[in-house]
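S.K.: Pasting a predicted model and its sequence here:
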Amino acid sequence: MGKIILVTGGARSGKSSFAERFVAKHGRNIGYIATSQVCDEEMEYRVKLHQERRPAEWKTFEAPFDAYKVLEEQGKNYDMFLFDCVTIYISNVMSTLADLDDFDGNYQHVTKALQQLIDSILNSDATVVMVTNEVGSGIVPNNRLAREYRDLAGLANQMLAEAAEKVYLVVSGIPVDIKKLEEKI
């Protein structure tokens with residue numbers, strides 16, 4: 001049975017670096033699930049930085065959509081995956097929405113995609129370290145699509161945290177296991 005380790009925090013908090021160190025320490029045969037699509041020079045630069053930090057022996061799977069298929073097909077071949085990142089994946093899933101004004105349909109579409117992903121992890125033999133962003137800690141966005149994205153990303157993080165064995169919050173490069181500190185009510 002697969003396991004989820006969730007790594008969350010703000011922008012440039014050190015989430016990916018911590019996740020990379022965690023996977024390198026605990027994994028032997030490592031797969032990397034990349035969700036970014038290179039759409040401009042800035043994103044190309046970010047992807048390049050991530051690629052340069054990764055060991056050459058890690059197998060990269062480009063999966064901006066349908067990442068669950070990588071886990072269904074490869075989940076028995078790797079003991080650990082690094083999934084970077086959930087919030088970009090949510091953005092990609094949202095880009096496939098048929099009707100941006102169908103709030104209920106959008107919620108169903110995104111939660112179904114996340115549940116597929118969670119199920120594929122739990123049905124694999126791998127531990128999957130998932131990097132995500134805390135996007136709801138700032139101001140309320142001034143447009144509906146940004147608010148919907150923020151809400152769906154927050155919902156995705158809650159779904160993943162509930163299924164996760166551990167949840168790390170990274171602040172200023174310092175990881176804290178917040179699930180260990182969870183107060184049960």
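M.R.: In hand now; what should we look at? Computed from a predicted model, the values in this text were never measured in an experiment. Numbering: from 1, shown residues only.

S.K.: list the buried ones in the worst-scoring helix or strand of the chain on mean pLDDT?
M.R.: When each helix and strand of the chain is scored by mean pLDDT, DSSP states H and E, helix 41-53 comes last, with a mean of 78. Buried residues in helix 41-53, counting neighbours by 16 or more other Cβ atoms under 10 Å, are found at H50. (C-beta placed from N, C-alpha, C; glycine too.)

S.K.: Repeat that for stretch 132-147.
M.R.: Buried, per 16+ other Cβ under 10 Å, within stretch 132-147: 132-135.

S.K.: Identify the residues contacting the least confident helix or strand of the chain?
M.R.: Applying Cβ atoms under 8 Å, 6 or more residues apart in numbering, the contact partners of helix 41-53 are 16-17, 20, 34, 36-38, 60, 84.

S.K.: Stretch 130-148 now?
M.R.: Defining contact as Cβ under 8 Å, 6+ apart, one finds that stretch 130-148 is touched by 4-11, 15-16, 19, 82-87, 94, 100, 103, 106, 149-151, 153-154, 156-157, 160, 164, 169.

S.K.: separation between the residue nearest the centre of the chain and I118?
M.R.: Centroid-nearest residue in the chain, with Cα atoms, centre = their mean: V86, separated by 2.5 Å. Applying Cβ to Cβ, to the nearest Å, the value for V86 to I118 is 11 Å.

S.K.: Give me the common contacts of the two.
M.R.: In contact with both V86 and I118: L160, using Cβ under 8 Å, 6+ apart.

S.K.: Just the CA atoms of the least confident helix or strand of the chain, as CSV, please.
M.R.: Extracted in CSV, the C-alpha atoms of helix 41-53 (Å, rounded to 0.1, in the frame of the first residue of the first chain):
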residue,chain,number,x,y,z
GLU,A,41,11.1,32.2,-20.0
GLU,A,42,10.5,32.6,-16.3
MET,A,43,8.9,29.1,-16.0
GLU,A,44,11.7,27.7,-18.2
TYR,A,45,14.2,29.1,-15.7
ARG,A,46,12.3,27.6,-12.7
VAL,A,47,12.2,24.2,-14.4
LYS,A,48,15.9,24.4,-15.2
LEU,A,49,16.7,25.1,-11.6
HIS,A,50,14.7,22.1,-10.4
GLN,A,51,16.3,19.8,-13.1
GLU,A,52,19.8,20.9,-12.1
ARG,A,53,19.2,20.0,-8.4
